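Student: Below: sequence and its predicted model.
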Amino acid sequence: MIVRDEAEMLPACLASVAGAVDQIVVVDTGSVDETVEIARLAAAHVVQHPWRDDFADARNAALSFALGDYVLILDADEQLAPGAAKALRSALLEAPADCYLLPLHNADALDAAPAEVLAGSRREGGIAYLPRLLRLTPDLRWEGTIHEHIRSWLQRHQASRLLPGVAIIHYGYVPEIWRRRDKGTRNQRMLEQRCRDEPNNPDPRAYLARDLVARGDPEAALELALEAWELLRRLPAPDRLRPIGASLVSTTLELLSRHTDPLTALPYASEALTWGHTHPDALFFCGITLERAAEVEDRSHHLREALGCYRRALASDEPGTLPVTRGLRASTLPLRMGLAQCKLGDHEAALESLASVRPTVPDTIPLQLALAEALTDAQRHDEALQLLEPTLGTDSSDPWWLGAEIVWRLGLVQDAIHFLKHARQLGPPLETHRQRRGATLIAEIQRHLQAQEVAP
(Lines give C-alpha, C1' and ligand atoms only; values in the text may rest on other atoms or scores of the structure.)
Protein backbone atom coordinates (compact mmCIF):
# COMPACT_ATOMS: atom_id res chain seq x y z
CA MET A 1 0.00 0.00 0.00
CA ILE A 2 0.99 3.62 -0.42
CA VAL A 3 0.37 6.00 2.50
CA ARG A 4 0.78 9.53 3.73
CA ASP A 5 -0.44 10.75 7.13
CA GLU A 6 -2.75 7.78 7.62
CA ALA A 7 -2.34 7.28 11.39
CA GLU A 8 -6.11 7.46 11.90
CA MET A 9 -7.09 4.71 9.46
CA LEU A 10 -3.99 2.56 9.14
CA PRO A 11 -4.27 0.44 12.34
CA ALA A 12 -7.64 -1.05 11.36
CA CYS A 13 -6.39 -1.74 7.84
CA LEU A 14 -3.29 -3.57 9.06
CA ALA A 15 -5.27 -5.53 11.65
CA SER A 16 -7.67 -6.72 8.95
CA VAL A 17 -4.92 -8.46 6.97
CA ALA A 18 -3.47 -10.36 9.92
CA GLY A 19 -3.25 -13.99 8.91
CA ALA A 20 -4.11 -13.19 5.30
CA VAL A 21 -0.69 -12.12 4.00
CA ASP A 22 2.94 -13.14 4.53
CA GLN A 23 4.43 -9.69 3.99
CA ILE A 24 3.22 -6.09 4.26
CA VAL A 25 4.91 -3.45 2.10
CA VAL A 26 4.10 0.15 3.00
CA VAL A 27 5.40 2.91 0.75
CA ASP A 28 5.34 6.18 2.67
CA THR A 29 5.32 9.35 0.57
CA GLY A 30 6.11 11.89 3.29
CA SER A 31 4.07 11.33 6.46
CA VAL A 32 4.52 13.75 9.35
CA ASP A 33 2.25 11.88 11.79
CA GLU A 34 2.70 8.43 13.38
CA THR A 35 2.00 6.50 10.16
CA VAL A 36 5.50 5.06 9.82
CA GLU A 37 5.69 4.00 13.47
CA ILE A 38 2.29 2.28 13.23
CA ALA A 39 3.37 0.40 10.11
CA ARG A 40 6.63 -0.76 11.68
CA LEU A 41 4.85 -1.94 14.84
CA ALA A 42 2.77 -4.17 12.56
CA ALA A 43 6.02 -5.64 11.15
CA ALA A 44 5.52 -3.94 7.80
CA HIS A 45 8.42 -3.33 5.43
CA VAL A 46 8.39 0.49 5.21
CA VAL A 47 9.83 2.20 2.14
CA GLN A 48 10.34 5.97 1.94
CA HIS A 49 9.48 7.21 -1.55
CA PRO A 50 9.19 10.83 -2.77
CA TRP A 51 5.72 11.90 -3.88
CA ARG A 52 5.73 12.94 -7.55
CA ASP A 53 1.99 13.52 -8.11
CA ASP A 54 1.89 10.04 -9.61
CA PHE A 55 -0.03 7.17 -7.99
CA ALA A 56 1.28 4.63 -10.49
CA ASP A 57 4.87 5.57 -9.68
CA ALA A 58 4.26 4.99 -5.96
CA ARG A 59 2.45 1.68 -6.51
CA ASN A 60 5.23 0.42 -8.77
CA ALA A 61 7.74 1.32 -6.06
CA ALA A 62 5.81 -0.94 -3.68
CA LEU A 63 5.81 -3.79 -6.20
CA SER A 64 9.60 -3.74 -6.37
CA PHE A 65 9.79 -4.81 -2.69
CA ALA A 66 7.10 -7.53 -2.80
CA LEU A 67 8.43 -11.09 -2.39
CA GLY A 68 5.37 -13.36 -2.70
CA ASP A 69 3.66 -15.02 -5.63
CA TYR A 70 0.65 -12.70 -5.34
CA VAL A 71 0.09 -9.13 -4.19
CA LEU A 72 -3.02 -7.84 -2.46
CA ILE A 73 -3.57 -4.12 -3.10
CA LEU A 74 -5.17 -2.13 -0.27
CA ASP A 75 -5.30 1.51 0.70
CA ALA A 76 -5.02 2.66 4.31
CA ASP A 77 -8.69 3.67 4.40
CA GLU A 78 -9.74 0.13 3.44
CA GLN A 79 -10.14 -3.08 5.41
CA LEU A 80 -10.50 -6.72 4.51
CA ALA A 81 -13.88 -7.98 5.63
CA PRO A 82 -13.97 -10.39 8.58
CA GLY A 83 -13.30 -13.96 7.43
CA ALA A 84 -11.69 -12.85 4.18
CA ALA A 85 -8.25 -14.20 5.07
CA LYS A 86 -9.35 -17.84 4.96
CA ALA A 87 -11.28 -17.37 1.71
CA LEU A 88 -8.30 -15.63 0.12
CA ARG A 89 -5.86 -18.43 0.87
CA SER A 90 -8.36 -21.12 -0.16
CA ALA A 91 -8.93 -19.44 -3.54
CA LEU A 92 -5.23 -19.35 -4.36
CA LEU A 93 -4.92 -23.06 -3.59
CA GLU A 94 -8.05 -24.23 -5.38
CA ALA A 95 -8.31 -22.08 -8.51
CA PRO A 96 -5.22 -19.97 -9.16
CA ALA A 97 -5.58 -17.13 -11.66
CA ASP A 98 -3.48 -14.14 -12.64
CA CYS A 99 -6.06 -11.61 -11.49
CA TYR A 100 -8.90 -11.71 -8.99
CA LEU A 101 -11.68 -9.15 -8.81
CA LEU A 102 -12.58 -8.33 -5.21
CA PRO A 103 -15.88 -6.63 -4.26
CA LEU A 104 -15.41 -3.19 -2.73
CA HIS A 105 -18.14 -1.72 -0.52
CA ASN A 106 -18.12 2.01 0.34
CA ALA A 107 -19.14 2.67 3.94
CA ASP A 108 -21.53 5.57 4.53
CA ALA A 109 -19.88 6.69 7.79
CA LEU A 110 -16.78 6.07 9.87
CA ASP A 111 -18.80 4.24 12.53
CA ALA A 112 -20.43 1.85 10.05
CA ALA A 113 -19.85 -1.73 11.20
CA PRO A 114 -18.36 -4.04 8.55
CA ALA A 115 -21.34 -6.42 8.73
CA GLU A 116 -23.76 -3.55 8.09
CA VAL A 117 -21.72 -2.26 5.17
CA LEU A 118 -21.56 -5.72 3.60
CA ALA A 119 -25.31 -6.22 4.09
CA GLY A 120 -26.02 -2.93 2.32
CA SER A 121 -27.73 -1.02 5.11
CA ARG A 122 -24.60 1.12 5.71
CA ARG A 123 -23.20 0.98 2.17
CA GLU A 124 -23.00 4.06 -0.02
CA GLY A 125 -23.79 3.27 -3.65
CA GLY A 126 -23.25 0.00 -5.45
CA ILE A 127 -20.52 -2.62 -5.25
CA ALA A 128 -17.41 -2.25 -7.42
CA TYR A 129 -15.41 -5.34 -8.43
CA LEU A 130 -11.77 -4.28 -8.67
CA PRO A 131 -8.53 -6.07 -9.67
CA ARG A 132 -6.89 -6.16 -6.25
CA LEU A 133 -5.33 -9.64 -5.97
CA LEU A 134 -2.68 -10.03 -8.67
CA ARG A 135 -0.06 -12.57 -9.58
CA LEU A 136 3.34 -10.92 -9.13
CA THR A 137 4.87 -11.24 -12.58
CA PRO A 138 7.95 -9.35 -13.85
CA ASP A 139 5.81 -7.25 -16.17
CA LEU A 140 3.21 -6.16 -13.59
CA ARG A 141 3.09 -2.37 -13.75
CA TRP A 142 0.61 0.36 -12.93
CA GLU A 143 -0.06 3.16 -15.43
CA GLY A 144 -1.61 6.62 -15.04
CA THR A 145 -0.74 9.38 -12.60
CA ILE A 146 -4.26 9.27 -11.09
CA HIS A 147 -6.99 6.64 -11.43
CA GLU A 148 -4.09 4.33 -12.09
CA HIS A 149 -4.73 1.02 -13.85
CA ILE A 150 -3.13 -2.22 -15.05
CA ARG A 151 -4.96 -2.60 -18.38
CA SER A 152 -1.83 -3.38 -20.40
CA TRP A 153 -0.87 -6.12 -17.97
CA LEU A 154 -4.37 -7.57 -17.96
CA GLN A 155 -4.36 -7.83 -21.75
CA ARG A 156 -1.27 -10.04 -21.58
CA HIS A 157 -2.52 -12.40 -18.87
CA GLN A 158 -5.32 -14.81 -18.07
CA ALA A 159 -8.91 -13.65 -17.73
CA SER A 160 -9.88 -12.24 -14.35
CA ARG A 161 -11.72 -14.36 -11.80
CA LEU A 162 -14.34 -13.06 -9.39
CA LEU A 163 -13.56 -13.64 -5.72
CA PRO A 164 -16.73 -12.57 -3.86
CA GLY A 165 -15.69 -14.04 -0.52
CA VAL A 166 -12.82 -11.60 -0.07
CA ALA A 167 -14.60 -8.27 0.30
CA ILE A 168 -13.00 -4.88 0.92
CA ILE A 169 -14.69 -2.19 3.01
CA HIS A 170 -13.72 1.35 2.02
CA TYR A 171 -14.09 4.27 4.42
CA GLY A 172 -12.36 6.87 2.27
CA TYR A 173 -15.52 8.17 0.57
CA VAL A 174 -17.16 9.10 3.85
CA PRO A 175 -17.96 12.83 3.38
CA GLU A 176 -16.20 13.79 6.63
CA ILE A 177 -12.93 12.20 5.46
CA TRP A 178 -13.28 13.49 1.90
CA ARG A 179 -13.76 17.09 3.06
CA ARG A 180 -11.11 16.96 5.78
CA ARG A 181 -8.43 15.71 3.41
CA ASP A 182 -9.65 17.84 0.49
CA LYS A 183 -9.23 14.94 -1.91
CA GLY A 184 -11.45 16.63 -4.47
CA THR A 185 -9.06 19.56 -4.90
CA ARG A 186 -6.06 17.24 -5.16
CA ASN A 187 -7.80 15.02 -7.72
CA GLN A 188 -8.93 17.99 -9.81
CA ARG A 189 -5.39 19.38 -9.94
CA MET A 190 -3.90 16.03 -10.93
CA LEU A 191 -6.58 15.31 -13.51
CA GLU A 192 -6.18 18.75 -15.08
CA GLN A 193 -2.46 18.10 -15.41
CA ARG A 194 -3.11 14.67 -16.90
CA CYS A 195 -5.46 16.25 -19.46
CA ARG A 196 -2.63 18.56 -20.52
CA ASP A 197 -0.10 15.72 -20.63
CA GLU A 198 -2.41 13.35 -22.55
CA PRO A 199 -4.37 15.50 -25.03
CA ASN A 200 -5.70 12.49 -26.97
CA ASN A 201 -6.77 10.41 -23.99
CA PRO A 202 -10.49 10.62 -23.07
CA ASP A 203 -10.02 9.00 -19.65
CA PRO A 204 -8.78 11.96 -17.55
CA ARG A 205 -11.45 14.21 -19.08
CA ALA A 206 -14.15 11.65 -18.28
CA TYR A 207 -12.94 11.33 -14.67
CA LEU A 208 -12.65 15.10 -14.28
CA ALA A 209 -16.13 15.67 -15.72
CA ARG A 210 -17.55 13.25 -13.17
CA ASP A 211 -15.69 14.99 -10.34
CA LEU A 212 -16.87 18.43 -11.48
CA VAL A 213 -20.48 17.23 -11.36
CA ALA A 214 -19.96 16.26 -7.73
CA ARG A 215 -18.33 19.63 -7.04
CA GLY A 216 -21.31 21.53 -8.47
CA ASP A 217 -19.90 22.80 -11.77
CA PRO A 218 -22.14 21.24 -14.45
CA GLU A 219 -21.17 23.67 -17.24
CA ALA A 220 -17.46 22.85 -17.01
CA ALA A 221 -18.34 19.16 -16.55
CA LEU A 222 -20.42 19.08 -19.74
CA GLU A 223 -17.70 20.81 -21.77
CA LEU A 224 -15.14 18.23 -20.63
CA ALA A 225 -17.54 15.33 -21.12
CA LEU A 226 -18.17 16.33 -24.74
CA GLU A 227 -14.42 16.65 -25.32
CA ALA A 228 -13.94 13.17 -23.88
CA TRP A 229 -16.78 11.82 -26.04
CA GLU A 230 -15.11 13.14 -29.19
CA LEU A 231 -11.83 11.47 -28.19
CA LEU A 232 -13.64 8.24 -27.34
CA ARG A 233 -15.07 8.13 -30.87
CA ARG A 234 -11.53 7.85 -32.25
CA LEU A 235 -10.69 4.75 -30.21
CA PRO A 236 -11.22 1.15 -31.35
CA ALA A 237 -14.64 -0.25 -30.45
CA PRO A 238 -13.45 -2.40 -27.50
CA ASP A 239 -11.84 0.63 -25.84
CA ARG A 240 -15.14 2.52 -25.95
CA LEU A 241 -16.74 -0.25 -23.89
CA ARG A 242 -14.34 -0.01 -20.96
CA PRO A 243 -15.88 0.98 -17.61
CA ILE A 244 -14.75 4.58 -18.01
CA GLY A 245 -16.60 4.62 -21.35
CA ALA A 246 -19.82 3.53 -19.65
CA SER A 247 -19.23 6.13 -16.94
CA LEU A 248 -18.76 8.80 -19.60
CA VAL A 249 -22.02 7.79 -21.30
CA SER A 250 -23.88 8.12 -18.01
CA THR A 251 -22.26 11.45 -17.09
CA THR A 252 -22.72 13.02 -20.53
CA LEU A 253 -26.33 11.95 -20.98
CA GLU A 254 -27.26 13.04 -17.46
CA LEU A 255 -25.75 16.48 -18.07
CA LEU A 256 -27.32 16.83 -21.50
CA SER A 257 -30.67 15.74 -20.07
CA ARG A 258 -30.55 18.47 -17.43
CA HIS A 259 -29.06 21.31 -19.42
CA THR A 260 -30.10 20.91 -23.08
CA ASP A 261 -33.18 20.04 -25.09
CA PRO A 262 -34.04 16.35 -25.70
CA LEU A 263 -33.07 16.33 -29.38
CA THR A 264 -29.56 17.59 -28.61
CA ALA A 265 -28.97 14.60 -26.33
CA LEU A 266 -30.64 12.01 -28.59
CA PRO A 267 -27.72 11.44 -31.05
CA TYR A 268 -25.37 10.71 -28.15
CA ALA A 269 -27.69 8.07 -26.71
CA SER A 270 -28.13 6.49 -30.15
CA GLU A 271 -24.35 6.44 -30.66
CA ALA A 272 -23.74 4.83 -27.26
CA LEU A 273 -26.23 2.10 -28.12
CA THR A 274 -24.50 1.40 -31.45
CA TRP A 275 -21.22 1.02 -29.55
CA GLY A 276 -22.86 -1.76 -27.57
CA HIS A 277 -22.74 -0.49 -23.99
CA THR A 278 -24.36 -2.95 -21.61
CA HIS A 279 -23.72 -1.40 -18.20
CA PRO A 280 -27.06 -0.81 -16.43
CA ASP A 281 -26.28 2.83 -15.63
CA ALA A 282 -25.38 3.63 -19.24
CA LEU A 283 -28.50 1.86 -20.53
CA PHE A 284 -30.63 3.70 -17.97
CA PHE A 285 -29.48 7.12 -19.16
CA CYS A 286 -29.89 6.07 -22.78
CA GLY A 287 -33.48 5.15 -21.90
CA ILE A 288 -34.10 8.45 -20.10
CA THR A 289 -32.79 10.34 -23.14
CA LEU A 290 -35.07 8.40 -25.47
CA GLU A 291 -38.04 9.03 -23.17
CA ARG A 292 -37.36 12.76 -23.26
CA ALA A 293 -37.01 12.70 -27.03
CA ALA A 294 -40.38 10.96 -27.24
CA GLU A 295 -41.94 14.12 -25.79
CA VAL A 296 -41.11 16.05 -28.96
CA GLU A 297 -40.86 13.59 -31.84
CA ASP A 298 -41.54 10.02 -32.98
CA ARG A 299 -43.16 9.19 -29.68
CA SER A 300 -43.95 5.47 -29.94
CA HIS A 301 -40.64 4.52 -31.58
CA HIS A 302 -38.49 6.29 -28.98
CA LEU A 303 -40.59 4.95 -26.12
CA ARG A 304 -40.20 1.38 -27.34
CA GLU A 305 -36.45 1.92 -27.61
CA ALA A 306 -36.37 3.33 -24.08
CA LEU A 307 -38.31 0.33 -22.82
CA GLY A 308 -35.77 -1.95 -24.47
CA CYS A 309 -32.94 -0.13 -22.70
CA TYR A 310 -34.62 -0.55 -19.33
CA ARG A 311 -35.27 -4.24 -19.93
CA ARG A 312 -31.65 -4.91 -20.91
CA ALA A 313 -30.40 -2.97 -17.91
CA LEU A 314 -32.69 -4.91 -15.59
CA ALA A 315 -31.53 -8.23 -17.05
CA SER A 316 -27.83 -7.38 -16.81
CA ASP A 317 -26.25 -8.88 -13.71
CA GLU A 318 -22.57 -9.17 -14.62
CA PRO A 319 -20.25 -7.70 -11.96
CA GLY A 320 -18.00 -4.91 -13.14
CA THR A 321 -15.41 -2.44 -11.95
CA LEU A 322 -18.01 0.32 -12.41
CA PRO A 323 -20.62 -0.19 -9.69
CA VAL A 324 -24.32 -0.13 -10.52
CA THR A 325 -26.19 2.76 -8.92
CA ARG A 326 -27.82 1.57 -5.73
CA GLY A 327 -31.52 0.84 -6.13
CA LEU A 328 -31.39 0.97 -9.93
CA ARG A 329 -32.58 -2.59 -10.52
CA ALA A 330 -34.80 -2.78 -7.45
CA SER A 331 -36.82 0.39 -7.97
CA THR A 332 -35.70 2.92 -10.57
CA LEU A 333 -35.69 0.66 -13.64
CA PRO A 334 -39.07 -1.02 -13.04
CA LEU A 335 -40.53 2.40 -12.24
CA ARG A 336 -39.28 3.84 -15.54
CA MET A 337 -40.51 0.74 -17.36
CA GLY A 338 -43.97 1.22 -15.89
CA LEU A 339 -44.07 4.89 -16.89
CA ALA A 340 -42.92 4.11 -20.43
CA GLN A 341 -45.60 1.43 -20.71
CA CYS A 342 -48.21 3.91 -19.46
CA LYS A 343 -47.14 6.33 -22.18
CA LEU A 344 -47.46 3.54 -24.77
CA GLY A 345 -50.97 2.75 -23.54
CA ASP A 346 -50.08 -0.68 -22.17
CA HIS A 347 -51.49 -0.17 -18.69
CA GLU A 348 -51.65 -3.87 -17.78
CA ALA A 349 -47.94 -4.29 -18.48
CA ALA A 350 -47.32 -1.05 -16.57
CA LEU A 351 -49.13 -2.38 -13.51
CA GLU A 352 -47.07 -5.58 -13.67
CA SER A 353 -43.79 -3.64 -13.89
CA LEU A 354 -44.75 -1.29 -11.07
CA ALA A 355 -45.83 -4.18 -8.86
CA SER A 356 -42.23 -5.45 -8.99
CA VAL A 357 -40.77 -2.20 -7.62
CA ARG A 358 -39.03 -2.63 -4.29
CA PRO A 359 -38.68 0.89 -2.85
CA THR A 360 -35.18 1.46 -1.49
CA VAL A 361 -35.83 4.94 -0.11
CA PRO A 362 -38.55 6.21 2.24
CA ASP A 363 -40.08 8.44 -0.47
CA THR A 364 -42.46 6.20 -2.45
CA ILE A 365 -44.43 9.07 -3.99
CA PRO A 366 -43.11 8.49 -7.55
CA LEU A 367 -44.27 4.88 -7.30
CA GLN A 368 -47.69 5.87 -5.93
CA LEU A 369 -48.18 8.35 -8.76
CA ALA A 370 -47.11 5.87 -11.42
CA LEU A 371 -49.47 3.23 -10.03
CA ALA A 372 -52.33 5.75 -9.88
CA GLU A 373 -51.67 6.69 -13.51
CA ALA A 374 -51.70 3.07 -14.64
CA LEU A 375 -54.85 2.36 -12.62
CA THR A 376 -56.78 5.25 -14.12
CA ASP A 377 -55.70 4.16 -17.61
CA ALA A 378 -57.12 0.75 -16.71
CA GLN A 379 -60.45 2.46 -15.80
CA ARG A 380 -59.91 1.68 -12.11
CA HIS A 381 -60.49 5.29 -11.06
CA ASP A 382 -61.58 4.71 -7.46
CA GLU A 383 -58.41 2.74 -6.71
CA ALA A 384 -56.33 5.40 -8.46
CA LEU A 385 -57.84 8.20 -6.38
CA GLN A 386 -57.31 6.30 -3.14
CA LEU A 387 -53.65 5.80 -4.00
CA LEU A 388 -53.23 9.42 -5.08
CA GLU A 389 -54.77 11.16 -2.06
CA PRO A 390 -51.75 10.81 0.31
CA THR A 391 -49.50 12.52 -2.28
CA LEU A 392 -51.54 15.74 -2.56
CA GLY A 393 -49.81 17.40 0.38
CA THR A 394 -46.45 17.62 -1.40
CA ASP A 395 -45.03 20.65 -3.22
CA SER A 396 -45.01 18.76 -6.52
CA SER A 397 -47.64 19.53 -9.15
CA ASP A 398 -47.61 15.94 -10.50
CA PRO A 399 -50.36 14.67 -8.12
CA TRP A 400 -52.62 17.55 -9.11
CA TRP A 401 -52.19 17.14 -12.86
CA LEU A 402 -52.88 13.43 -12.49
CA GLY A 403 -55.64 13.95 -9.92
CA ALA A 404 -57.52 16.27 -12.29
CA GLU A 405 -57.80 13.47 -14.81
CA ILE A 406 -58.88 10.92 -12.20
CA VAL A 407 -61.71 13.03 -10.72
CA TRP A 408 -62.83 14.02 -14.22
CA ARG A 409 -63.19 10.33 -15.10
CA LEU A 410 -65.25 9.97 -11.93
CA GLY A 411 -67.60 12.68 -13.20
CA LEU A 412 -66.49 15.39 -10.75
CA VAL A 413 -66.20 18.30 -13.17
CA GLN A 414 -65.70 21.14 -10.69
CA ASP A 415 -63.16 19.13 -8.75
CA ALA A 416 -61.25 18.52 -11.97
CA ILE A 417 -61.20 22.28 -12.68
CA HIS A 418 -59.96 22.96 -9.14
CA PHE A 419 -57.21 20.36 -9.50
CA LEU A 420 -56.06 21.89 -12.80
CA LYS A 421 -55.93 25.41 -11.33
CA HIS A 422 -53.85 24.20 -8.39
CA ALA A 423 -51.55 22.23 -10.70
CA ARG A 424 -50.89 25.37 -12.75
CA GLN A 425 -50.09 27.34 -9.60
CA LEU A 426 -47.54 24.76 -8.52
CA GLY A 427 -45.86 24.76 -11.94
CA PRO A 428 -44.76 22.12 -14.45
CA PRO A 429 -44.72 18.49 -13.29
CA LEU A 430 -41.52 16.48 -12.95
CA GLU A 431 -42.94 13.96 -15.43
CA THR A 432 -43.61 16.26 -18.37
CA HIS A 433 -46.06 13.90 -20.07
CA ARG A 434 -48.52 14.61 -17.26
CA GLN A 435 -48.76 18.23 -18.36
CA ARG A 436 -49.51 17.05 -21.88
CA ARG A 437 -52.23 14.81 -20.50
CA GLY A 438 -53.49 17.83 -18.58
CA ALA A 439 -53.67 19.90 -21.77
CA THR A 440 -55.74 17.17 -23.43
CA LEU A 441 -57.99 17.12 -20.36
CA ILE A 442 -58.46 20.91 -20.44
CA ALA A 443 -59.62 20.72 -24.05
CA GLU A 444 -62.01 17.91 -23.15
CA ILE A 445 -63.48 19.87 -20.23
CA GLN A 446 -63.89 22.99 -22.40
CA ARG A 447 -65.84 20.99 -24.98
CA HIS A 448 -68.00 19.57 -22.21
CA LEU A 449 -68.76 23.03 -20.78
CA GLN A 450 -69.52 24.47 -24.21
CA ALA A 451 -71.90 21.60 -24.92
CA GLN A 452 -73.72 22.32 -21.66
CA GLU A 453 -74.15 26.00 -22.58
CA VAL A 454 -75.82 25.23 -25.92
CA ALA A 455 -77.92 22.36 -24.63
CA PRO A 456 -81.69 23.10 -24.63
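Tutor: It's in.

Student: Work out for me the element V357 sits within.
Tutor: When secondary structure is defined using DSSP states H and E, no element contains V357, which sits outside every helix and strand.

Student: Tell me the confidence at it?
Tutor: With respect to pLDDT, V357 scores 92.

Student: Please parse this structure into its domains.
Tutor: The chain breaks down by automatic domain parsing into domains covering 2-99+130-169, 182-312, 363-454.

Student: which of these is buried the deepest?
Tutor: Among these, domain 182-312 has the highest mean neighbour count (mean count of other CB atoms under 10 Å), at a mean of 19. For glycine as for every other residue, the C-beta is placed from the backbone atoms N, C-alpha and C.

Student: can you give me the offset of that one from its chain's centre?
Tutor: For domain 182-312, the gap between its own C-alpha mean and the chain's C-alpha mean amounts to 12 Å (CA atoms, centre = their mean, to the nearest Å).

Student: A349 reaches A340, doesn't it?
Tutor: No - applying CB atoms under 8 Å, one finds A349 not in contact with A340, separated by 9.6 Å.

Student: what about these two, which has more around it?
Tutor: Per other CB atoms under 10 Å, whichever of A349 and A340 has more neighbours is A340, with 28 against 17.

Student: what about the helix or strand harbouring that one, distance to the chain center?
Tutor: If you go by DSSP H and E, A340 is part of helix 333-343. The offset between the C-alpha centroid of helix 333-343 and the centroid of the whole chain comes to 20 Å, using CA atoms, centre = their mean.

Student: which outside residues touch that helix?
Tutor: Residues from elsewhere that reach helix 333-343 (CB atoms under 8 Å, 6 or more residues apart in numbering): 280, 284, 287-288, 291, 294, 299, 303, 306-307, 310-311, 313-314, 347, 349-351, 353-354, 356-357, 366-367, 370-371, 373-374, 377, 431, 433.

Student: do stretch 399-408 as well
Tutor: The set of residues that contact stretch 399-408 without belonging to it, under CB under 8 Å, 6+ apart, is 365, 369, 372-373, 376, 381, 384-385, 388, 391-392, 415-417, 419-420, 422-423, 426, 429, 434-435, 437-438, 441, 444-445.

Student: From these, which land in strands?
Tutor: In strands, judged by DSSP state E, none of the contacts of stretch 399-408 are found.

Student: Just those residues: which are in helices?
Tutor: Per DSSP state H, helices hold the following members of the contacts of stretch 399-408: 365, 369, 372-373, 376, 381, 384-385, 388, 415-417, 419-420, 422-423, 426, 434-435, 437-438, 441, 444-445.

Student: what about the stretch 151-300 of the chain, any weak spots by pLDDT?
Tutor: Low-confidence segments of the stretch 151-300 of the chain, defined by pLDDT under 70, are absent; every residue clears the threshold.

Student: now the helices for it?
Tutor: Listed in chain order, the helices of the stretch 151-300 of the chain (DSSP state H, counting those that start in this stretch) span 151-156, 175-181, 183-197, 202-214, 218-233, 237-240, 243-259, 262-275, 280-294, 299-315.
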